[in-house]
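Visitor: predicted model follows, preceded by the sequence.
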Amino acid sequence: MANEIESLLRQVGAVLDGHFLLASGRHSPLYVEKFRLLEQPSHTERLCRLIADHFRPQGVQLVAAPTTGGIILSYEVARQLGVRGIFAEKVQEGRRFGRGFRVAPGERTLVVDDVLTTGSSIREVVEAVRAEGGQPIGVAVLVDRTAGRVDFGLPFFACLTLELPSYDPAECPLCAQRVTLTVT
Ligand SMILES: [Zn+2]
């Protein structure tokens, strides 16, 4: 299944091979562009089904996500579970639910996002849910590019787990081979 998902992501161009400059300044042979997947509703629906099926037995009452790609995930997972899907936007400190979104006291909330990189956006949504009195019951992502290194203290599910190597530019084997560097 993991292989099937990885080939799907490669096929649509959401996982790219090459030589990439990451936001951290490090170089990587792999790059994830989530919108190559999210722009295709049928593929997005298929991966969201894995998330919905995984957490359905937990009695999810609400799905919440961070902006921007997360909005699509929240909508689709919520649609499949037959519950509301909301999103939290960036404010000065963390994130909050605007636009009249409500979290009922104790509401069992699944937090979803597209790509897990550092986990900070997801943490902020988990905190926003708790701040409203809701109960986060799990975290799900399409792609975990930390190879399972981030722990939210909640049940976690990733459709695909990737080990994403990165190199200090001074020690980068792709630089050594003079492969053209792509700035993303
Ligand atoms: Zn390099």
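Guide: Structure received. Numbers count the residues shown, from 1 in each chain.
Visitor: SS state for Arg123?
Guide: Under DSSP: H, G, I helix; E, B strand; the rest coil, the three-state class of Arg123 is helix.
Visitor: ok, and the closest non-adjacent residue to it?
Guide: Once flanking residues are discounted, Arg123 sits nearest to Phe152: 6.8 Å by Cβ to Cβ, 6 or more residues apart in numbering. From N, CA and C alone the C-beta is placed, and that goes for glycine too.
Visitor: quick one: that neighbour and Val125 touch, right?
Guide: No: taking contacts as Cβ atoms under 8 Å, Phe152 lies outside contact range of Val125: 10.2 Å.
Visitor: which of these two has more neighbours?
Guide: Val125 (28 against 15; other Cβ atoms under 10 Å).
Visitor: how about the more buried one, what does it touch?
Guide: 64-66, 70, 88, 95, 111, 113 (Cβ atoms under 8 Å, 6 or more residues apart in numbering).
Visitor: immediately after the helix ranked longest in the chain, which helix or strand?
Guide: Ranked by number of residues, the top helix in the chain under DSSP state H is helix 41-55. Next helix or strand after helix 41-55 toward the C-terminus (DSSP states H and E): strand 62-66.
Visitor: quick revisit: could I get the pLDDT score of the residue nearest to Arg123?
Guide: pLDDT, Phe152: 97.
Visitor: is it in a helix, a strand, or coil?
Guide: Relying on three-state DSSP, one would call Phe152 coil.
Visitor: next, give phi and psi for it.
Guide: With angles defined as degrees, to the nearest 10, Phe152 sits at phi -90, psi 0.
Visitor: OK, contacts around it?
Guide: Counting by Cβ under 8 Å, 6+ apart, Phe152 makes contact with 119, 122-123, 126, 139.
Visitor: now swap in Lys34 and tell me
Guide: 14, 69, 114-115, 142-143.
Visitor: next step: those residues restricted to helices.
Guide: Using DSSP H, the subset of the contacts of Lys34 located in helices is Gly69.
Visitor: distance to Ser28, neighbour count and pLDDT added to the contacts of Lys34, as a markdown table?
Guide: Below are the contacts of Lys34 laid out as a markdown table (distance: Cβ to Cβ, whole Å; neighbours: other Cβ atoms under 10 Å; pLDDT from 0 to 100):
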| residue | distance to Ser28 | neighbour count | pLDDT |
| --- | --- | --- | --- |
| Ala14 | 15 | 25 | 96 |
| Gly69 | 19 | 19 | 96 |
| Asp114 | 18 | 25 | 96 |
| Val115 | 13 | 21 | 93 |
| Leu142 | 18 | 27 | 96 |
| Val143 | 14 | 25 | 95 |
